[in-house]
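Q: Got a predicted structure plus its sequence, pasted below:
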Amino acid sequence: MHHTTAPITTATTTGNPQQAVMRKVSRRLLGFLFACFVLSFLDRINIGFAGLTMMGDLGLSSTQFGMATTLFYIAYIACGIPSNMALAKVGARKWIGSLMIAWGLASTATLFATDAHSLYLLRILVGITEAGFLPGVLLYLTFWFPAAYRARANALFMIAMPFTAGFGSALSGLILGLDGTWGLHGWQWLFLLEGMPSVIMGLVVFYYLNDKPQQAHWLNAQEKQHLQHALAADTPAATPTPEDKGPSLLREMLSPTVLMFSLVYFCLVNTLAMIAVWTPLIIKSISAAGSSNSTIGLLAMIPQVCTIIGMLVWGLHSDRTRERKWH
């Protein structure tokens with residue numbers, strides 16, 4: 001994860017005080033938020049690896065297992081916008097920290113699932129509590145990164161998805177090997193060991209994050225001024241805040257631009273979720289008899305490593321060329 005703390009720079013800002021400020025901001029925020037997103041995405045997709053043994057232990061059919069995943073996303077979709085509106089009112093530090101503690105507890109509690117219905121309920125809880133994290137952090141990044149730096153900042157943050165799907169696959173395969181330890185199934189250890197870190201990190205958020213640059217004790221007055229000037233230059237192109245109410249908010253949600261990006265993101269996440277959740281089961285079904293869960297995890301890493309490289313290169317190229325549409 002160390003690579004996520006690399007400073008964001010461009011040739012046009014070399015020697016400019018703004019470069020030093022953005023380097024400081026990227027080092028302070030991106031590595032930490034990356035780690036938070038790794039935990040978030042891990043708690044979202046670890047059910048795919050849990051399914052390697054959970055389905056048999058709980059007597060679940062493929063349809064029931066798929067329904068548990070579907071219910072997670074229904075809850076996730078329903079709560080995304082309200083959660084982001086709450087972040088704007090409560091503040092990123094308190095809201096993101098609270099969400100991490102809540103979903104960490106909900107994900108950990110999945111180890112107590114006994115049948116399909118209890119699994120449905122627990123996955124709904126994870127979906128509700130996790131819904132606001134990704135959109136909330138993307139909003140949070142706009143408070144700290146001017147538009148010229150934002151594609152790379154978003155890419156460095158969002159490579160947590162393929163990173164987690166890849167390296168989390170290897171980790172999950174190893175954790176399943178704890179099956180029988182202290183009387184717990186391997187999939188129960190999976191939810192326990194991958195859920196509780198989110199709770200711990202949520203507590204750290206309360207002390208580590210600042211809502212806005214003006215509150216950052218780790219920036220001096222001059223650095224804050226440089227950052228505020230850079231952000232102010234983007235104000236004319238700023239999007240409406242979640243605090244907008246009434247028909248104006250509805251019009252923005254139903255605007256052609258928002259609907260187009262929603263469709264694009266739907267296709268992206270639909271594919272990503274399918275790969276993350278079902279790949280372990282697909283690999284198991286076509287692999288040689290007796291293949292270990294750790295081997296399945298290593299095989300599931302391969303496409304994710306390619307994705308990490310592609311996202312970093314594409315985000316850097318988009319910022320350097322200042323082109324967004326065709327990218």
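A: Alright, I've got the coordinates. Numbers count the residues shown, from 1 in each chain.

Q: When you work out contacts or count neighbours from here on, use the C-alpha atoms and nothing else.
A: OK.

Q: Excluding chain neighbours, give the residue nearest to Val305 in space.
A: Nearest residue to Val305 in three dimensions, chain neighbours excluded: Gly166, at 6.6 Å (Cα to Cα, 6 or more residues apart in numbering).

Q: do the same with Phe49
A: Pro280 (6.0 Å).

Q: Name the nearest residue to Tyr73, ignoring sequence neighbours.
A: Gly127 (6.2 Å).

Q: What is the burial count for that neighbour?
A: Number of residues near Gly127 (other Cα atoms under 10 Å) recorded here: 27.

Q: My understanding was that the residue nearest to Phe49 contacts Ala50; is that so?
A: No - using Cα atoms under 8 Å as the test, Pro280 is too far from Ala50 to be in contact (9.4 Å).

Q: mind exporting the helix or strand bottoming out on mean pLDDT in the chain as PDB, just the C-alpha atoms?
A: Averaged element by element with mean pLDDT, DSSP states H and E, the chain has its least confident helix or strand at helix 247-253 (a mean of 76). What follows is helix 247-253, C-alpha atoms only, in PDB (Å, rounded to 0.1, in the frame of the first residue of the first chain):
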ATOM      1  CA  PRO A 247     -37.000  20.200  -7.300                       C
ATOM      2  CA  SER A 248     -33.500  21.600  -8.000                       C
ATOM      3  CA  LEU A 249     -31.800  18.500  -6.400                       C
ATOM      4  CA  LEU A 250     -34.200  16.200  -8.300                       C
ATOM      5  CA  ARG A 251     -33.500  18.000 -11.600                       C
ATOM      6  CA  GLU A 252     -29.800  17.500 -11.100                       C
ATOM      7  CA  MET A 253     -30.200  13.800 -10.200                       C
END
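
Q: Distance from that helix to the middle of the chain?
A: Relative to the chain's own centre, helix 247-253 is displaced by 26 Å; criterion: Cα atoms, centre = their mean, to the nearest Å.

Q: How about stretch 181-201?
A: Using Cα atoms, centre = their mean, the offset of stretch 181-201 from its chain centre is 19 Å.

Q: I'd like the distance between Ala289 and Ile296.
A: 12 Å (Cα to Cα, to the nearest Å).

Q: between those two, which one's more packed in?
A: Looking at Ala289 and Ile296 with other Cα under 10 Å, you find the greater number of neighbours at Ile296, namely 23 against 8.

Q: quick one, what contacts the more buried one?
A: Contact analysis of Ile296 by Cα atoms under 8 Å, 6 or more residues apart in numbering lists 170, 173, 280, 283-284.

Q: Return the distance of it relative to Arg93.
A: 37 Å.

Q: what about Ala155, neighbour count?
A: Neighbours of Ala155 (other Cα under 10 Å): 19.

Q: just checking, it touches Met311?
A: Yes - look at Ala155 against Met311 with Cα under 8 Å: they come within range, at 6.1 Å.

Q: In the stretch 151-300 of the chain, where is pLDDT below threshold?
A: Across the stretch 151-300 of the chain, the ranges flagged by pLDDT under 70 are 235-247, 290.

Q: now the helices for it?
A: For the stretch 151-300 of the chain, applying DSSP state H, counting those that start in this stretch gives helices covering 160-175, 186-208, 221-232, 247-253, 256-286, 293-321.

Q: Send over the second one as CSV, restricted to the C-alpha atoms.
A: Looking back up the chat, that one is helix 186-208. C-alpha atoms of helix 186-208 as CSV (Å, rounded to 0.1, in the frame of the first residue of the first chain):
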residue,chain,number,x,y,z
GLY,A,186,-12.9,-20.9,8.1
TRP,A,187,-15.6,-18.5,6.8
GLN,A,188,-16.3,-17.3,10.4
TRP,A,189,-12.7,-16.5,10.9
LEU,A,190,-12.8,-14.6,7.6
PHE,A,191,-15.6,-12.3,8.7
LEU,A,192,-14.0,-11.8,12.1
LEU,A,193,-10.4,-11.0,11.0
GLU,A,194,-11.6,-8.9,8.1
GLY,A,195,-14.4,-7.0,9.9
MET,A,196,-12.8,-5.9,13.1
PRO,A,197,-10.0,-3.8,11.5
SER,A,198,-12.7,-1.5,10.1
VAL,A,199,-13.9,-0.8,13.6
ILE,A,200,-10.4,0.0,14.8
MET,A,201,-9.7,2.2,11.7
GLY,A,202,-13.1,4.0,12.3
LEU,A,203,-11.9,5.0,15.7
VAL,A,204,-8.6,6.3,14.2
VAL,A,205,-10.6,8.4,11.7
PHE,A,206,-12.0,10.6,14.5
TYR,A,207,-8.4,11.7,15.4
TYR,A,208,-6.7,11.7,12.0
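
Q: Fine by me, we can end here.
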